[in-house]
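[1] no sequence for this one, just the structure:
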């Protein structure tokens, strides 16, 4: 086998892994935005300090 095949394989794998990671991160971000948009209002956090009456 020519040595050029081994040199070309590494960047292809690297770019494929990078592309897959970017696609997965993008899907997670879009999913999070859509879930927050249609989930409705969230109840206030329990550690919120309320003023005394």
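    Received, thanks. Here the structure is a predicted model, which is why all the values come from computation and not from measurement.

[2] Residue 15 sits in which helix or strand?
    According to DSSP states H and E, residue 15 maps onto helix 3-38.

[3] Name the SS class of residue 41, please.
    Following DSSP: H, G, I helix; E, B strand; the rest coil, the label given to residue 41 is coil.

[4] How many residues are close by it?
    Neighbour count for residue 41, taken as other Cβ atoms under 10 Å: 5. Glycine gets a C-beta too; all of them are placed from N, C-alpha and C.

[5] who's in contact with it?
    Counting by Cβ atoms under 8 Å, 6 or more residues apart in numbering, residue 41 makes contact with nothing.

[6] Local confidence estimate at it?
    pLDDT, residue 41: 72.

[7] same check, this time on residue 9
    The predicted local confidence for residue 9 is 56.

[8] same question, residue 2
    Predicted confidence (pLDDT) for residue 2: 53.

[9] and residue 20, how far is that from residue 37?
    Using Cβ to Cβ, to the nearest Å, we find residue 20 at a distance of 26 Å from residue 37.

[10] same check, this time on residue 28
    Distance of residue 28 to residue 37, computed by Cβ to Cβ: 15 Å.
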